[in-house]
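Colleague: Pasting the sequence and the predicted model now:
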Amino acid sequence: MGSVSQPSHGSPDNRIAQPAGHSLLAECDFDEFETNVLDIARHFFLAFAEPESEAWVEAFRRAELMFPAPFGATIANAILIALNDMRQSRVRLFTYSNPRCDDCLHHITDEERYFISALRDMRRSNRGAVETNCMLLCEGNDASDLLASLERIAIITGDVEDPKYN
């Protein structure tokens, strides 16, 4: 497992974190799109924590393989924007499962689950749940940018036609 520091708080923290809350990914009710987003997000998290890994390149490569042309890079970029919106509003480190660890791939941290649940809830137009998950992700700080960026992902997928958060 790894942790990601926030861009406004100096250099990335590369320590390994053992989060108090994690569960098996298979126990979550995420569809293929959502698990693919998690995979891409984990590569971005690794890139934030260890810039020399250049894991962002792998994130874009995987997106191009997972999603039909021409949407791969667009979706990866939208995920990156959402992650940065979240990071800007947080104070504490974000814990994630390292995408380069085979054992870790089967687990999901609480924070990863909040992020993917927020996306799932946005796609299902469940405003109360998406706002709650975004509040948790943003640690009670302003979540409006994160809500808007998650909504843009749902617009790309065709799940949202009438934007509410832009």
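Modeller: Cool, the structure landed.
Colleague: can you give me the end-to-end distance of stretch 134-144?
Modeller: End-to-end distance for stretch 134-144: 9 Å, by CA to CA, to the nearest Å.
Colleague: Give me the next element, helix or strand, following the worst-scoring helix or strand of the chain on mean pLDDT.
Modeller: Of all helical and strand segments in the chain, the minimum by mean pLDDT, DSSP states H and E falls on strand 2-4, at a mean of 59. Downstream of strand 2-4, the next assigned helix or strand under DSSP states H and E is strand 22-24.
Colleague: who does that following strand pair up with?
Modeller: strand 107-109 (antiparallel) (DSSP bridges).
Colleague: mind listing what's buried in the partner strand?
Modeller: His107, Ile108, Thr109 (16 or more other CB atoms under 10 Å). Placement of C-beta: from N, CA and C, glycine included.
Colleague: For the helix or strand just after it, which helices and strands make contact with it?
Modeller: Downstream of strand 107-109, the first helix or strand assigned by DSSP H and E is helix 110-123. Where contact means 3 or more CB pairs under 8 Å, 6 or more residues apart in numbering; DSSP states H and E, helix 110-123 is packed against strand 22-24, helix 32-49, helix 72-89, strand 94-96, helix 127-137, helix 144-156.
Colleague: could these go into a markdown table alongside distance to Ile116, mean neighbour count and mean pLDDT?
Modeller: Shown next, in a markdown table, are the helices and strands packed on helix 110-123 (distance: least, CB to CB, whole Å; neighbours: other CB atoms under 10 Å; pLDDT from 0 to 100):
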| stretch | distance to Ile116 | mean neighbour count | mean pLDDT |
| --- | --- | --- | --- |
| strand 22-24 | 12 | 13 | 84 |
| helix 32-49 | 5 | 22 | 97 |
| helix 72-89 | 11 | 20 | 97 |
| strand 94-96 | 11 | 24 | 94 |
| helix 127-137 | 9 | 19 | 97 |
| helix 144-156 | 10 | 21 | 97 |
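Colleague: JSON lines for the ones you listed, including distance to Phe60?
Modeller: Formatted as JSON lines, those follow (distance: least, CB to CB, whole Å):
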{"stretch": "strand 22-24", "distance to Phe60": "27"}
{"stretch": "helix 32-49", "distance to Phe60": "8"}
{"stretch": "helix 72-89", "distance to Phe60": "5"}
{"stretch": "strand 94-96", "distance to Phe60": "18"}
{"stretch": "helix 127-137", "distance to Phe60": "23"}
{"stretch": "helix 144-156", "distance to Phe60": "15"}
